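Participant: I need the structure of the sequence given here:
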Amino acid sequence: MNQREDTGTDKGWLQGAACVAALTFDVDAESPVLAEGRRHAESAMAMTHQAFGPKVGVPRILQMLKDVGQPATFFIPGVTAERYPQMVEQVLESGHEIAHHSHTHRQAVHLTLDEERRDFDLAMKALGRFGITPKGHRAAMWQPSWQTPSLVAEFGLKYDSSLMDSDTPYLIETESGTVAELPPHWSLDDWEQYAFLPEPRLGEIIQSPTIVADMWINEIDAMRRHGSLFMLTCHPFLTGRAGRLEALRKVIETAADWGDVRFTTCESLADAALADPALVPAPLVPITVSEDLYPDY
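Facilitator: The predicted model follows:
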């Protein structure tokens, strides 16, 4: 089995591997529920359902990652870091990367630029209290604004992981600098497989972990042929449940046994992408939509 991160010697972002795998965990805790309305703080069911992530899920995930010997990136909202400082310290002590995931988990696409910048700054300060200088960002619900990459560069971060127009890394040129984009996708997200909550209705499915493991194994196997990025996104309040965690272990161990999949943190992947001479930075251009063709209903 592959051990912790093989940096490789090739100049390209793949660094000699057939596929690169990034294991990422969004430790949202209560934040996505509260983003739907502060009133949900009165629901003991909803709050404890989400608290399972930092209380139980993260320690289990950290032990599993230690067992399989692979690195990971934890995207932690500022409010989660403030509410669960011991959990943040556990991730730090385990040697994994901690990255920026907004402060309140409100969707940037619904904020003004000033509101998004303020939320971004609050999250930087919350992580900074732990001595963390995050190198990357993931927008809440993968809903960035067109200005988000520029904010990422403005705050000195190397990468974003929110956009879905590729399954390999690419570079975005902004007025504040160049950032690497590490594309995710809903099909590689446990939320779409396991999330069930009656109020607020953030999901309505509880899939078999066996089916999910088979789907993800098939996807990463195909990505070996296509030279792609397997950007897996899991949430500790979901995948921290025992059966689901063992399904994830199976995915990781199967891919590691193939011997040509490189596991890496998002920061190391971003460094490889930024150093790849084949990747040319280009601006992120908003789409122009004709009011005649698409009236605003």
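
Participant: Walking through the stretch 1-150 of the chain, point out its strands one by one.
Facilitator: 19-26, 73-76, 97-100, 136-137 (DSSP state E, counting those that start in this stretch).

Participant: Now distance to residue 207, mean neighbour count and mean pLDDT too, for those, in CSV please.
Facilitator: Quick note: C-beta positions are derived from backbone N, CA and C, even for glycine. Shown next, in CSV, are these (distance: least, Cβ to Cβ, whole Å; neighbours: other Cβ atoms under 10 Å; pLDDT from 0 to 100):
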stretch, distance to residue 207, mean neighbour count, mean pLDDT
strand 19-26, 18, 26, 98
strand 73-76, 22, 28, 98
strand 97-100, 27, 24, 98
strand 136-137, 28, 28, 98
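
Participant: Mind checking those for the one nearest to residue 56?
Facilitator: Residue 56 lies closest to strand 19-26 among the strands of the stretch 1-150 of the chain, at 13.4 Å (Cβ to Cβ).

Participant: Listing partners with orientation, what would you give for the closest one?
Facilitator: Strands that pair with strand 19-26, judged by DSSP bridges, come out as strand 73-76 (parallel), strand 229-234 (parallel), strand 261-263 (parallel).

Participant: Pipe these into TSV and attach distance to residue 59 per row.
Facilitator: TSV is the format used below for the strands paired with strand 19-26 (distance: least, Cβ to Cβ, whole Å):
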stretch	distance to residue 59
strand 73-76	12
strand 229-234	15
strand 261-263	21
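
Participant: Against which helices or strands is the lowest-mean-pLDDT helix or strand in the chain packed?
Facilitator: Least confident helix or strand of the chain, by mean pLDDT, DSSP states H and E, is strand 203-204 with a mean of 88. When contacts are defined as 3 or more Cβ pairs under 8 Å, 6 or more residues apart in numbering; DSSP states H and E, strand 203-204 sits against helix 191-194, strand 196-197.

Participant: Go ahead and name everything in contact with it.
Facilitator: 191, 192, 194, 195, 196, 197 (Cβ atoms under 8 Å, 6 or more residues apart in numbering).

Participant: Out of those residues, which two are the most distant from each other?
Facilitator: 192 and 197 (13.5 Å).

Participant: quick one: which of the two has more around it?
Facilitator: residue 197 (19 against 15; other Cβ atoms under 10 Å).

Participant: where's the closest residue to the more buried one other than its chain neighbours relative to residue 280, distance?
Facilitator: Among residues not flanking residue 197 along the chain, residue 203 sits closest, at 6.0 Å (Cβ to Cβ, 6 or more residues apart in numbering). For residue 203, the distance to residue 280 equals 38 Å [Cβ to Cβ, to the nearest Å].

Participant: Comparing those two, which residue is more hemmed in?
Facilitator: For residue 203 versus residue 280, neighbours defined as other Cβ under 10 Å are more numerous around residue 203 (15 against 9).

Participant: Can you check what pLDDT the model gives the nearest residue to residue 260 once chain neighbours are set aside?
Facilitator: Computed as Cβ to Cβ, 6+ apart, the closest residue to residue 260 that is not its neighbour in sequence is residue 18, at 4.0 Å. On pLDDT, residue 18 comes in at 98.

Participant: Near residue 18, how many other residues are there?
Facilitator: 18.

Participant: gap between it and residue 127?
Facilitator: In terms of Cβ to Cβ, residue 18 sits 34 Å off from residue 127.

Participant: Might you report the residue contacts of the residue nearest to residue 260?
Facilitator: Residues near residue 18 by Cβ under 8 Å, 6+ apart: 224, 225, 227, 258, 260, 261.

Participant: Any chance of a markdown table for those, columns secondary structure?
Facilitator: Converted to a markdown table, these look like this (DSSP: H, G, I helix; E, B strand; the rest coil):
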| residue | secondary structure |
| --- | --- |
| 224 | helix |
| 225 | helix |
| 227 | coil |
| 258 | helix |
| 260 | coil |
| 261 | strand |
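
Participant: Which one (most neighbours) among these?
Facilitator: Counting neighbours by other Cβ under 10 Å, the top entry in the contacts of residue 18 is residue 261, with 21 neighbours.

Participant: of all the contacts of residue 18, which two lie farthest apart?
Facilitator: 227 and 258 (14.2 Å).
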